[in-house]
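> model the structure of this input:
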Amino acid sequence: MRVLLFTGKGGVGKTTLAAATAAQLASRGRKTLVVSTDPAHSLADAFGARLGAEPTEVSDVDTSLHAVQVDSRGLVDQAWHGLREQLRLALSTAGVHELDAEELTVLPGVDELLALTEVRRLVHTGLWDAVVVDCGPTAETLRLLSLPEAVSGYLQRMFRQKPLSRAPFGGPRNVAAVADSVASLAEHLSTLRELLTDSTTTTVRLVLTPERLVVAETRRTLSSLALRGITVDGLIINRLTPKPGVWRSSAAAWLRTRRAEQDKVLGELAGTGIPEPRTVEHRAAEPVGISALLGIASELYGGTDPLRGNENEQSSLLSVDDDPAGGYRLRLALPLTDDAAVELARVDDDLAVTVDGTRRLIALPNLLRRCEVTGAEADSDGLTVFLSGGRT
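Have a look, this model is predicted:
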């Protein structure tokens, strides 16, 4: 079983490439499901077919390919309402004012969380060899992929401040039911996190167009995903301007200028240590339907397996070495841009790392918990944190 998540800046063509990848996998005999979690669903448009909230055969010819558009609002109505009421009741019986309890149980990002939950459910049905996910634009996707960790922290903080107890104004049966529900949700969030960070099962493919603003966002996205322990197994450059060859006209001159600008951007991208991307040329006609999508997949993957990524050999997020000057060096493997805003802070036994506004608490290895952070250095491959003390 493999799970491929496609994302990128809005309008770069990620839906088309996700659909093309799924179509290619199915054409090679793999039972494939392509899922849209993008709130602005366009997967049905790419296939030229009607899709709903349950897997539907996309083609009468190839029954290996199914597609589904996740109905996040419907999932909220089905799954969240009951638990929210239980949480509200628990907070009220613990002495929280009714209005405050109502506000505390408005869980941030619940729509996206349940969309991810639905992906997990579909993955674990065991019906598919591959699940291809058409995610929303990059910002929404980063929020989606961070939700399991963020919501777990939210619940922990909420119930640390107002612990569940058998308060005199509430029945113990209700409190026990809420405790069970919260424990079940916490366990569920943990399994979501495991799915996302298991690089043998789940990887991300970033789609971009050869423009400086898009490339800059892609590089920041690589850092954010690495910080969360999520593996990117490839980049895809979409809508590359075709070379006009020996044509001589004003249109050909425009094409040469445009392609030269794009090649310059690609050259700058190549010097950053980012994995070499695959490329797809811009089509004159909008690719709609299985035949057009298979044409794109042929250009994208050639004769190679679409499940095979083109990532560089990736090291683990954390590694520790002795510092020749004394103490230790903690290495965080994060691809960083030259202008990345990096902040470090020590929070108890954790290191709080913030890169361009994305923050994560990283548990320090036992060896370093008694050490003091004395400095840090950043380069294009990541951060090196220097620590002293801790030796006995």
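
> tell me the domain boundaries of this protein?
Split into domains by automatic domain parsing, the chain comes to 2-72+111-161+188-301, 318-388.

> end-to-end on the longest one?
Start to finish, the residues bounding domain 2-72+111-161+188-301 are 17 Å apart (C-alpha to C-alpha, to the nearest Å).

> next one: that domain to chain centre, how far?
Taking C-alpha atoms, centre = their mean, to the nearest Å, one finds domain 2-72+111-161+188-301 lying 10 Å from the centre of the chain it belongs to.

> also the shortest one?
Remark: domain 318-388 is offset 23 Å from the chain centroid, using C-alpha atoms, centre = their mean.

> residue 307 is nearest to which of the domains of the chain?
Proximity to residue 307 (C-beta to C-beta) singles out domain 2-72+111-161+188-301 among the domains of the chain, at 5.1 Å. C-beta here means a position set from N, CA and C on the backbone, and glycine is covered the same way.

> which SS state does the residue positioned nearest the centre of the chain fall under?
The centre of the chain sits closest to residue 145, judged by C-alpha atoms, centre = their mean, with a distance of 4.4 Å. Following DSSP: H, G, I helix; E, B strand; the rest coil, residue 145 is assigned to helix.

> surely it touches residue 229?
No. Counting by C-beta atoms under 8 Å, residue 145 does not reach residue 229; the two are 10.0 Å apart.

> what residues are shared contacts of these two?
When contacts are counted by C-beta atoms under 8 Å, 6 or more residues apart in numbering, residue 145 and residue 229 are jointly contacted by residue 196.

> could you pull up the residues touching the residue nearest to the centre of the chain?
Counted by C-beta under 8 Å, 6+ apart, residue 145 has contacts 5, 116, 196, 225, 228, 230.

> from these, which ones fall inside strands?
Judged by DSSP state E, strands contain the following of the contacts of residue 145: residue 5.

> which regions of the stretch 51-200 of the chain sit below the pLDDT cut-off?
Where the stretch 51-200 of the chain drops to pLDDT under 70, the residues are 60-62, 73-112, 139-140, 143-144, 147-189.

> same deal with the stretch 251-392 of the chain?
271-275, 310-316, 390-392.

> tell me which stretches of it form helices.
For the stretch 251-392 of the chain, applying DSSP state H, counting those that start in this stretch gives helices covering 290-301.

> need the strands for it, in chain order.
278-281, 318-322, 328-333, 342-347, 350-355, 358-363, 372-379, 382-388 (DSSP state E, counting those that start in this stretch).

> CSV for those strands, including mean neighbour count?
Output for the strands of the stretch 251-392 of the chain, formatted as CSV (neighbours: other C-beta atoms under 10 Å):
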stretch, mean neighbour count
strand 278-281, 18
strand 318-322, 13
strand 328-333, 19
strand 342-347, 13
strand 350-355, 18
strand 358-363, 15
strand 372-379, 14
strand 382-388, 20
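
> sorry, back to before: most packed of the domains of the chain?
domain 2-72+111-161+188-301 (a mean of 19; mean count of other C-beta atoms under 10 Å).

> any idea how far residue 115 is from residue 27?
Residue 27 sits 27 Å away from residue 115, going by C-beta to C-beta, to the nearest Å.

> hang on, I meant residue 303
For residue 303 relative to residue 115 (C-beta to C-beta), the value is 34 Å.

> and residue 244, by the same measure?
43 Å.

> then residue 386?
For residue 386, the distance to residue 115 - C-beta to C-beta - is 41 Å.

> same question for residue 304.
From residue 304 to residue 115 the distance is 30 Å (C-beta to C-beta).

> again, but for residue 130
On the measure of C-beta to C-beta, residue 130 and residue 115 end up 19 Å apart.

> ok, now residue 376?
36 Å.

> possible to save the domains of the chain as CSV with distance to residue 308?
Shown next, in CSV, are those (distance: least, C-beta to C-beta, whole Å):
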stretch, distance to residue 308
domain 2-72+111-161+188-301, 8
domain 318-388, 21
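
> wait, doesn't residue 47 sit right on residue 19?
Yes. Assessed by C-beta under 8 Å, residue 47 is found in contact with residue 19 at 6.1 Å.

> got any residues that touch both of the two?
With C-beta under 8 Å, 6+ apart as the test, residue 47 and residue 19 both reach 67, 293.

> what sits up against stretch 335-343?
216, 219-220, 222-223, 226, 272-274, 352-357, 376, 378-383.

> I meant to write stretch 246-254 there.
244, 255.

> now do that stretch: distance from first to last residue.
Stretch 246-254 end-to-end distance (C-alpha to C-alpha) = 13 Å.
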